[in-house]
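>>> using only what follows, build the 3D model:
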Amino acid sequence: MDEMTEQAATSNEGGGRRTREGRGAAARRASRTGGGPGPSLPYIQRKIPVYEVLDEEGLQIIERNADTVLEEIGIEFRDDAEALELWRQAGADVKGERVHFPRGLCRELLKTAPKEFTWHARNPERSVRIGGNATVFAPVYGPPFVRDLDGNRRYATIEDFRNFVKLAYMAPSMHSSGGTVCEPVDIPVNKRHLDMIYSHIKYSDKPFMGSVTAPERAEDTIAMAKLVFGDDFVENNCVTLNLINANSPMVFDETMLGALKVYARHNQASVVSPFILSGAMSPVTIVGTLTQILAEVLAGASFTQLIRKGAPVLFGTFAASISMQSGAPTFGTPEPSLVSYGAAHLARRLGLPFRTGGSLCGSKVPDAQAAHESASTLNMTLLAGTNFVLHAAGWLEGGLISSYEKFMIDQDQLGMMQKMAQGIDFSEEAQAMDAIREVGPGSHYLGCSHTQANFQTAFYRSPLADNNSFEQWEVEGEKRIEQRANALCRSWLESYEAPALDPALDQALLDFIQQRKDSMPDAFT
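Here you go, the predicted structure:
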């Protein structure tokens, strides 16, 4: 059961010269910020240190307790005889569907998993590194609903899906087009994955994620990837990441295991992510939650190495707290951030790339609550040293909604994170000693040559934030950021141009999709 399936189940005009001047200023600002998407930025290579909340004693306590959970309590691998037999052969104690792991077994198996790897895009210039000091942003994943540009909350369609892929392609600081950017409910359940994968290939040339809702849908993802990249390339390189959620607490179900096996056999990356709502799916405490997360990841991630040694795998976690009054998930609170900081540290100890965080919030609209909850989560995400960031833009209502306006606001924040991650420049130009000598005491730097040479790139420029005077804001229509985001989104979609795709490849993909759709009746459950 993927994250959002799990969660859905839980559940004015001015006048005269002043107006013309205002509009002219707006036009000049638009030209400086691009008024639209800028050039695509490379994946982040962080030059700032990670933030760690656990000391050595704390790390050892959690690791020791996780080993105890694996050995004494065990993890269930449900409805998968092959998985149970593989664990038995590896030396685990299998009792029914419960697997008990000797201390050290999972860590030993994970020694063959790569610490870093390249996630290839069909445009090689868009390929990214996963692991080390790299951070890769991907959009929201899984919502069945959208909040559209007319302000309606409704079920998502394939047209929405295509739009979000296009937006992710155009967003400079988005490094992947993601996966299930929304759930297109206007296509039968058993066939929609084909249109979704095709949309990622057709409307973007950034790396994309595969389908995990059934093993045969994972196989379809591999088949379509091989049409794009070639059989040998896929078998020897990672071209798709895939979200494998543990059904917390301490269960891997048949669906997730089936998809994981398909991807691992074909050398594709699995993001093994316990889906945690603390207090419901894990203990209410931070250490207890980290213990369970580590145990679940050790079991799921090491299983990939039983399928194929060297298959890439990520230590993932999705952690949120719940309201102990209503049971609803809460976001932007301190405890999940501490969990994610701790999990990132544990992942580095294991030598696995790490996934967490994003721009998460519980708000129903892109308001102040959405902003502060998302900012709290996103800052933690970067400072934790996260390698792969799912839900980086577009998330609303606890993940039930993909929002166009929230996507545009979030992608702006991602640009700020990209700038933050560059750290501090100590080049001779950055030291600015010539500027300090030129200006001297009591003057200002606005007109000095150093400022004139660097002002266009010295600071991050938001395409959405309004930092002008009240009078200027009033002249320009008193627009809130949601309105500015709406207009910018419409502008991007109107100006979208698809990346080049070989017509023969396009036709081969369409033929494959038609063949697969013709082979089965429609199913809506």
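>>> and residue 426, how many neighbours does it have?
8 (other Cβ atoms under 10 Å). Every C-beta, even on glycine, is put in place using the N, C-alpha and C of the backbone.
>>> also residue 61?
15.
>>> what helix or strand is it located in?
helix 56-68 (DSSP states H and E).
>>> and that helix, what's buried?
Using 16 or more other Cβ atoms under 10 Å as the test for burial, helix 56-68 gives 58, 59, 62, 63, 65, 66, 67.
>>> so the fifth one makes contact with residue 291?
Yes - using Cβ atoms under 8 Å, residue 65 and residue 291 qualify as a contacting pair, with a distance of 4.4 Å.
>>> now do the top helix by length along the chain against helix 56-68, angle only.
Ranked by residue count, the top helix of the chain under DSSP state H comes out as helix 286-307. With axes from the mean of the first three to the mean of the last three Cα atoms, to 10 degrees applied, the angle from helix 286-307 to helix 56-68 works out at 60 degrees.
>>> partner strands of the helix or strand just after helix 286-307 and their direction?
The C-terminal neighbour of helix 286-307 among helices and strands, as given by DSSP H and E, is strand 313-316. Partners of strand 313-316 in the sheet, by DSSP bridges, are strand 269-278 (parallel), strand 354-355 (parallel).
>>> can you put those strands in JSON lines and add mean neighbour count, distance to residue 409 and mean pLDDT?
Shown next, in JSON lines, are the strands paired with strand 313-316 (neighbours: other Cβ atoms under 10 Å; distance: least, Cβ to Cβ, whole Å; pLDDT from 0 to 100):
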{"stretch": "strand 269-278", "mean neighbour count": "26", "distance to residue 409": "25", "mean pLDDT": "96"}
{"stretch": "strand 354-355", "mean neighbour count": "29", "distance to residue 409": "22", "mean pLDDT": "98"}
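>>> JSON lines for the buried residues of helix 56-68, including distance to residue 366 and pLDDT?
JSON lines is the format used below for the buried residues of helix 56-68 (distance: Cβ to Cβ, whole Å; pLDDT from 0 to 100):
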{"residue": "58", "distance to residue 366": "37", "pLDDT": "98"}
{"residue": "59", "distance to residue 366": "38", "pLDDT": "98"}
{"residue": "62", "distance to residue 366": "36", "pLDDT": "98"}
{"residue": "63", "distance to residue 366": "40", "pLDDT": "98"}
{"residue": "65", "distance to residue 366": "40", "pLDDT": "98"}
{"residue": "66", "distance to residue 366": "38", "pLDDT": "98"}
{"residue": "67", "distance to residue 366": "43", "pLDDT": "98"}
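>>> want to try TSV for those, with distance to residue 85 as columns?
Converted to TSV, those look like this (distance: Cβ to Cβ, whole Å):
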residue	distance to residue 85
58	37
59	34
62	30
63	28
65	28
66	24
67	23
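>>> so which of the residues you listed comes closest to residue 506?
Set against residue 506, the nearest of the buried residues of helix 56-68 by Cβ to Cβ is residue 66 (47.3 Å).
>>> shouldn't the closest one be in contact with residue 299?
No - Residue 66 is beyond contact range of residue 299, at 9.8 Å (criterion: Cβ under 8 Å).
>>> ok, now which ones touch the most centrally placed residue in the chain?
Among the residues of the chain, the one closest to the centroid is residue 390, at 1.4 Å (Cα atoms, centre = their mean). Neighbour list for residue 390: 138, 140, 141, 178, 179, 243, 271, 355, 358 [criterion: Cβ atoms under 8 Å, 6 or more residues apart in numbering].
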